[in-house]
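1. Need coordinates for the following:
(chains A, B, C, D, E, F, G and H)
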Amino acid sequence: MLDLLIQIISIISFVGGVFFILTGSLGLIRLPDVFSRIHAAGMIDTAGVSFIILGMILQSGFSLITAKLMFIGIFIFFTSPITSHITANLARKKGVDPVGKTKGKTL
Amino acid sequence: MDNLILKVCTKVLFTPIILFGLYVQFHGDFGPGGGFQAGVIVAAAFILYAMVFSVEDCKVIMPPKLNFFLLALGAFIYGFVGIIGLILGDPYLSYDVLGSTKEAGQHIGILLVEFGVGLTVCNVMISLFYSFANFNFGKRNND
Amino acid sequence: MINSKSIALFLFLFGFWLLMSGHYTVLITSLGVVSCLLCVYLTIKGNFLDNETIPIYFFPRLIQYTIWLIKEIFISNITTAKVILSKSEEPELFSVKASQKTNEGKVTYANSITLTPGTVTTQIKDNVFEVHALTKEFGDDVRGSEMDRMVTWLEKGK
Amino acid sequence: MIDQIFGVWNYWIVFILMMIGLYIVISKKSLLKKIVGLAIFQTSVFLLYITFGKIAGGTAPILTKNIDEIYSNPLPHVLILTAIVVGVATTALGLALTVRINKAYGTINEDEISASDLVEYHKKYLEDNK
Amino acid sequence: MSFIIKNLPILIVITPLMFSLIVAVLTNNRIAWSLSTFASFLTMIFTILLSFEVSDRSNISYYLGNWPPPLGIEYVIDTISIIPIMIVSVIGLIATLFAHNFITLEIDKKLVSKTYSLWLLTIAGLIGLITTADAFNLFVFLEISSLSAVALVALGSKVDRKALVAGYNYLILGAVGATFYVIGVGLLYGVTGTLNMGDLAQKIPTLGLNKSVIVAFTFMMLGIMVKAAVFPLHIWLPNAYAYAPSPVSVLLAATATKVSIYILVRISYTIFGSSYEIYSFESLRYILLYLAILAMFAGTIMAIFEKDVKKLLAHSSVAQIGYIVLGISLATSPGIASSFIHLINHALIKAGLFMSIVAMGYYTLKRIDVKTIAGLGRQLPITFFSFVICALSLAGLPLTVGFISKLYLIKAAYMSEGIWLPFLILVSSALSLIYIWKLIEGLWYNEKSLKIEKIKELPEIYLPLLVITFLNIYFGIDAGLIIDNSFIASDALMSGIK
Amino acid sequence: MTNEFYIYLSILTPLIAFFTTPLLSSNPNLRDSLGPIGGIITFYSSLNIASLYLDGEVLSFTFFQISETLSISFKITGLGVIFGLVASGLWILASIYTIGYMRGNKEKNQTRFFTFYSIAIFAAICIAYSGNLLTLFIFYEVLTFSTYPLVAHKQNEEAKKAGRLYMGILVGTSIVFLLPAIIIVWVLTGSLDFSANGILKGNISNEYVPFLLALFAFGIGKAALMPFHKWLPAAMVAPTPVSALLHAVAVVKAGVFSMLIVITYVFGINFLTETNGAVWLIWISSITLLLSSCIAITKDDLKARLAYSTISQLSYIVLGGAIATNIAVQGAAIHIVMHAVGKITLFFAAGAIYVATHLSKISDLNGMGKSMPLTFVAFFIGSLSIIGVPPMGGSWSKFYLMLGSVEKDYLLVIYILAISTLLNVYYLLEIPAKAFFQQKRTNIQVTKHPLTVYPTFFAAILTIILFIYIEPLKDITNLIFGNS
Amino acid sequence: MIGEIIINAFLVTLMLTIAIFIINTRKVISTILLTGTYSLVAALMFVSLDAVDVAFTEASVGAGISTILFLAALSYLPREEKEEKFNVKHIYAICTCTIIAGLLIWASYDLPLVGQLENPVHQNLAQDFIEGSRNHIGIPNVVTSILASYRGYDTFGETVVIYTAGIAVLVLLYDGVSKTSKIYKGKNK
Amino acid sequence: MFLAVLIALAVSFLLILVRLIIGKTTYDRILAANSIGTIIVLGISVHGFYMGRPEFVDISIVYALINFIGTVAVLKLFDKGTLGDK
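-> Here you go, the predicted model:
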């Protein structure tokens, strides 16, 4: 019973993960500029990764693998904003113009 | 790179990466990994640090002289483990005689040898990065 | 040398080791201890064993903050997915003020902004952040500065 | 049938990959590109070895408690570990040489290097025959 | 003492290897040199002891790590492999002795100890290549020797930037060659499942006619032929030898290609020899033969038109490699014996030539050119004397080693191919006189072009120079040692062919 | 005292002279006396060897063994005995003469000169007694190298140029043709030892014989067959004793001696006759013979004329070998002796004239006969010997050569010999004729050195003596083809 | 089983695509990134072929350190390749490669099929290593036990190779390399 | 199930590859490469589960690490033109 429940939850989370990843990839293709695409990439890195890792954690039961999977998750959570940020930062610095309006006093 | 986020996060990540490298080093017996991979990972931490801060900063943690010494030491450890076997009456690189039983000997031998590999690889990679990053750093004449 | 930060770092690393290892023999564990000590030594040698590396004062409120953050991330993910699928993006670039005092606080705030899809910190100058948002709603969220308050609260854990 | 095809498919693609690498090494003028080609060439050879070691239905050669487990052949893995290291050593040395060549010649294009050498040779020749 | 005797096969490799690790961290150049000399001396002593052992037992097998052969790596020293080992260790010692005065000329003072480290690694790599009986281990040592050699060659860039390009080409071609070799080994491993050479030799005949084996053979040969600089694949050699720092030229020219040629022999006769009948490599043999003939002429003609002396000698090396390969391609016992004879003799000749020419070039600016060394022979009589002896030896004048090798080569060629082949050999060696005479004339008759006042000989190099000159004459007069051992080796090789 | 002792003695004496000469440089008298003393000892041992050879003793020993079939070894052969006698005997004369020449001419670097003179003689004697082709070749080269400093003795640009030509042709031909030929012989037969009936028979197919012989004939550049004759006139820049040594005693004789040795002991004359392998050589040598005689006529320089005369005379010897009959070869062997004595007379005379007057042009010699009667008489006798007029020694050899060609029905050869004799008469006798019968043009200072004149005259007398006492020589030549 | 094959085929084809792209890229940075990706996919391939250790190494070395070294070297190199026209040399190269590829493909007909248990590779030695690692050495990771013990000498050689490379690069990129040579200049005045 | 996930990952891999190739700006490429890295990290883990040997997650961690460092290196190169200290 519990096993079945865990299976179901993990399948759901896999489906969720796959959904976010595919959406993110789609976003990477069809969003207009690099700054917008960063959001799509961020979606893969956050929701996609976390759902799929959650699914795997559920599959593996509680063991060392759980810990390691969690480390992967944490690591990606930690590094994803950094790469996103420095990419965006550099794009700004090197003068890539964002699409859309610019509000307030930007740096 | 003069980026606050990157700098702070690198500081945070530095030690876990090295520890992960060491974990790979010492768990090569049980899972994938070993001296070589560990060396690369540890070196990667140093390289990250050198890239985000500066090579000079990295040289504070790993001075080039020490780096070079360890580079030779690693391979030397490997070779020397073999020579111990030789002196104790077995062929070169035979670990059987290192421990009380053959199995223990093999364990000790493999551990030491992997350590030697890790040391060399790590320091070679750091040294490579030092060489490449700071080539042409000082004033030089034209070739 | 031996102060609360180094001990905290050591404990943190050793915990990490134990979780990863899975082989709790004397040899391996003692190697783990040596490894952790080596790591701590390296931080001391590199002279960066400070609050930025080990923001121990975050710890008391960290869990609560994390849960809040995950919730935020989840919500904004769904929104972003909607935006992408419905092609309704109207990106904008604006700047906000951060109220954090310390570097680690600012970094946490900036990262939190970036981690929630839909908003990305593009530049930081002193305590002014430049943020790129996918739609106006996301921008309003950031401008609403709820996150800013949360991070400041986290930072005040001192 | 499908076994037959896939039994050699891997080999074929690996061979073609090798030749792509070799082609880059032979035909490209850029010294850097040659090193890239060499890396591709070597990586493909690694694949060939690992393909030999594979057993369908086998698992990675890290022993489990299950005695009946079929393990893929570990020997090619060891060989390739060694070969990868050799490969990176070659790459590093090649890059160092490329950097030095660029400094000495101001270019890493093979043709321009030989042209530069030729110019130097003729200059020397003229000086000698003054 | 007994443990030394027992472990001689490995000691000859790890002595230079371990010393190279120690030498690298030294800061004092003189100590570094002394230690390197000591290491190569020790290696030579071990080699001599080993040769006694081999003559007693004819075949020494050494299990590394105490694992029996197919599982572990095996070292085999037999009457065949002792010859190249001897070449490497003796020339290694002589070249190391020679290096001391010259290495600081072309290499930064702070890099000298590291250079010695690379130097010893080259020697260790070359010896390791010879001793190993494991097809893959061979690759590893191939890389050790070639990487260190590349670095050494590229160090010549302080004098001439072309050294960098030479080193680069050496590296890339060498790596492609090594990869080809690895592909060959891989294919063989795929069909036999073993890497030990002896094991392979046993298993290949059981496969019958197998396409993979043929292709594997082709690839291994191609790979090693690159390293051995067999004719169309020799393009890296002239520049690499010419632009390398002087002592490095001495070491590499005398040893590196010799070892590769030995491996060529080893692969074709030890691994594939047992299946010679099945595959009948007759046509392949002829390809090798024609390549060798082309090499003889191409190398000689290039040398005739070359002005740069070191490059000239390198071109002549290509031609000489042609002679050696020719002997191998005859596939008869006298042919291989003559190859071995020339292998040894050419090492002696080229080492002597490079040493003397480099010792004269000590005074020239940058490149050693026919013009820049003009007239130096009269001022450096002893060096010039050595040069003349070695040059005449290269031309094959009687009472020198060159004569002996040419004699046996021609005999072997006549016995298996008839009169046309000896004729070609004679023509090409007659052509080689032209460039030798060009050099001697330049050194002795032409007017001095350098405006250097103090030219006097360097007494420090007398020892290595005169030793090698003496060996050139001694083995020309008392050739029994070389000839007998070469014939023993070739007979042992041919006995493997069924 | 074993019989090999004499071989050692004759070889080592010049070698010892070579090593001791530099040590005695401070004492010129002692140094110069080494030559005649050495010559006497060597000649004495050569005579002993000759008598032992006539007694049928087989003298041979191996100095060392290089490999199974290669060795440095010495062996007494009939031809060797003759050449050894010539070389050692004329060394006595030459060394005495040299002292006079060098002192009379006040040359520099006398020590070096004498040193290399001895080593050249050493090499010549080693060639004479060599037991196989390898030994022959080695000492052939030693001879070339040791005479180079003699040729370039004056060290001016001209001498150096000549020296380069000399070395270039001799070393070049020997390595490009001779060495391969030797290697081919070794490859074919597995041996290089001389044998009375040749060693090649049965080891080579007949059609290759002319080619192999060609390699030898052109490889032995010292025999000065055209087109490799240029070195000989070029070497005339050397001091006259050297020219004497080159042209009469050591170098050219070593060349033709090697030629004869190859023809008789390597090919074997019977084998050559069977295969007709040497016919072409007859023509080549005949052409050389005539052409060089013609060139000689055009030369005004005394030594140059003598040089071309030498080329022509050498061809007689090669011709003798090429005819390849017993008698012809004997004639050739005798001609080695006769020409050596005759030509050394002529050169001594030329040197004596040069020392006395510093003249070298023939046209300047008009009327000099009255100032230097003894010298020109000697020159006249020498010329007659070369021409082959009895009672001079030269007539014997020409007689034998003609006999040989008659035996083989080479009538054309006889005509050629006749024409050449006529040319000889013209270009050689012109000189004494001018000296005695023309009017002296200018007053020329004549300062004779006695040590140059008397050896010349003695050499001239020797040609007559050799005509009378030919028997021992005939005995030796009879034994050329085996001791039985 | 079929899944394995599909994954394999997919990855291999992916590698082929990337390799073909690499041939003609002229921007060096793209070449390097693509090479890194190539290595990453190769590593995935290794994982799918059960070679986890190799994948580990390929990921960290091929994709990691190599790329970083390339990038580090790129600091000193031109960022774009010169344009090359298609010429005879390319045709020669193509011919050579085609011939060699043909030779190899011809050879593949006599190669054992991928993944069959009865292949000689699996029949010889492999079982000895696995048993030996289990019983004599007592280490679960067979690769490590072969690497460090059975073929420890290879690994020693490998360590020496990397040491050689380290020292060679150190020597080649030494900062003082091109300081003017006193000896050469001094001797010729 | 795992196979399905793998296929989905492969599809998204291909999608991102398109972005990597068409690029537009270099930053797009870097972003795409980074995302591909993430996909591969997930792929390796899932593949481990699919093959029934999930204990090799270490490889994923290394991948993630390398991915991060690689991106930093590329960006640093773009920013400063060198990986060293100017």
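
2. Pick out the least confidently modelled helix or strand of chain B, by mean pLDDT.
-> Using mean pLDDT, DSSP states H and E, helix B:55-61 stands out as the lowest-scoring helix or strand of chain B, at a mean of 87.

3. swap in chain A?
-> strand A:101-102 (a mean of 68).

4. Mind checking if stretch E:418-434 is in reach of chain F?
-> Yes - legend: contact between stretch E:418-434 and chain F by Cβ under 8 Å from any Cβ of the partner chain is shown at E:419, E:422, E:426, E:429-430, E:433. In this view, the C-beta of every residue, glycine as well, is placed from N, C-alpha and C.

5. Just give me the residue closest to the centre of chain G.
-> The C-alpha lying nearest the average C-alpha coordinate of chain G belongs to G:G62 (Cα atoms, centre = their mean; 6.7 Å).

6. residues in contact with it?
-> Neighbouring residues of G:G62 by Cβ atoms under 8 Å, 6 or more residues apart in numbering or on different chains: D:39, D:43, D:84, D:87-88, G:36, G:39-40, G:42-43.

7. And for E:T27?
-> E:S113.

8. for the record, mean pLDDT for the host helix or strand of F:S146?
-> Using DSSP states H and E, F:S146 sits within helix F:133-151. Across helix F:133-151, pLDDT averages out at 84.

9. same thing with stretch E:336-351?
-> 91.

10. Just confirm F:F481 is within a strand.
-> No - remark: F:F481 does not belong to a strand; assigned using DSSP: H, G, I helix; E, B strand; the rest coil, it is coil.

11. Tell me how many other residues crowd B:I87.
-> Number of residues near B:I87 (other Cβ atoms under 10 Å in any protein chain shown) recorded here: 11.

12. does it really touch E:F3, like I thought?
-> Yes - at 7.0 Å, B:I87 counts as touching E:F3 under the criterion of Cβ atoms under 8 Å.

13. Buried residues, the helix or strand containing E:F52. List them.
-> Element membership of E:F52 [criterion: DSSP H and E] is helix E:29-57. Buried residues in helix E:29-57, counted by 16 or more other Cβ atoms under 10 Å in any protein chain shown: E:29, E:32-33, E:35-37, E:39-47, E:50-51, E:53-54.

14. Which strands or helices does that helix pack on?
-> Secondary structure elements in contact with helix E:29-57, counted by 3 or more Cβ pairs under 8 Å, 6 or more residues apart in numbering or on different chains; DSSP states H and E, are helix E:2-6, helix E:8-24, strand E:59-63, strand E:74-78, helix E:82-106, helix E:112-131.

15. Quick one: residues contacting whichever residue of the stretch 1-150 of chain F sits closest to chain D.
-> The stretch 1-150 of chain F approaches chain D most closely through F:Y148 (29.9 Å), counting by Cβ to the nearest Cβ. For F:Y148, the contact set (Cβ under 8 Å, 6+ apart) comprises F:163, F:166-167.

16. Could you take these and lay them out as JSON lines, with extra columns for secondary structure and pLDDT?
-> Supplementary listing: the contacts of F:Y148 in JSON lines, determined by DSSP: H, G, I helix; E, B strand; the rest coil; pLDDT from 0 to 100:
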{"residue": "F:G163", "secondary structure": "helix", "pLDDT": "80"}
{"residue": "F:Y166", "secondary structure": "helix", "pLDDT": "82"}
{"residue": "F:M167", "secondary structure": "helix", "pLDDT": "81"}
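
17. Which one of the residues you listed is nearest to chain B?
-> Distances from chain B to the contacts of F:Y148, taken as Cβ to the nearest Cβ, are shortest for F:M167 (43.8 Å).

18. quick one: contacts for that closest one?
-> Shown in contact with F:M167 (Cβ under 8 Å, 6+ apart): F:144-145, F:148.

19. how about 6 Å then?
-> Neighbouring residues of F:M167 by Cβ atoms under 6 Å, 6 or more residues apart in numbering or on different chains: F:Y148.

20. Likewise for E:L195?
-> Contact analysis of E:L195 by Cβ under 6 Å, 6+ apart lists E:134-136, E:189.

21. Next: F:K434.
-> Neighbour list for F:K434: F:365-366 [criterion: Cβ under 6 Å, 6+ apart].

22. So it, which state does it fall into?
-> At F:K434 the chain is in helix, as set by three-state DSSP.

23. How is chain C divided into domains?
-> If you go by automatic domain parsing, the domain ranges for chain C are C:4-45, C:57-155.

24. First-to-last residue distance for the shortest one?
-> For domain C:4-45, the first-to-last residue distance is 17 Å (Cα to Cα, to the nearest Å).

25. That domain near chain A at all?
-> Yes - Domain C:4-45 reaches chain A (Cβ under 6 Å from any Cβ of the partner chain) through C:19, C:22.

26. Is chain B within reach of that domain?
-> Yes - legend: contact between domain C:4-45 and chain B by Cβ under 6 Å from any Cβ is shown at C:13, C:20, C:31, C:35, C:39, C:42-43, C:45.

27. Which members of the residues you listed occur in helices, if any?
-> Per DSSP state H, helices hold the following members of the residues of domain C:4-45 next to chain B: C:13, C:20, C:31, C:35, C:39, C:42-43, C:45.

28. thinking again about what came up before, hey, what's the angle from the helix holding E:F52 to strand E:74-78? Just curious.
-> Relative orientation of helix E:29-57 versus strand E:74-78 (axes from the mean of the first three to the mean of the last three Cα atoms, to 10 degrees): 70 degrees.
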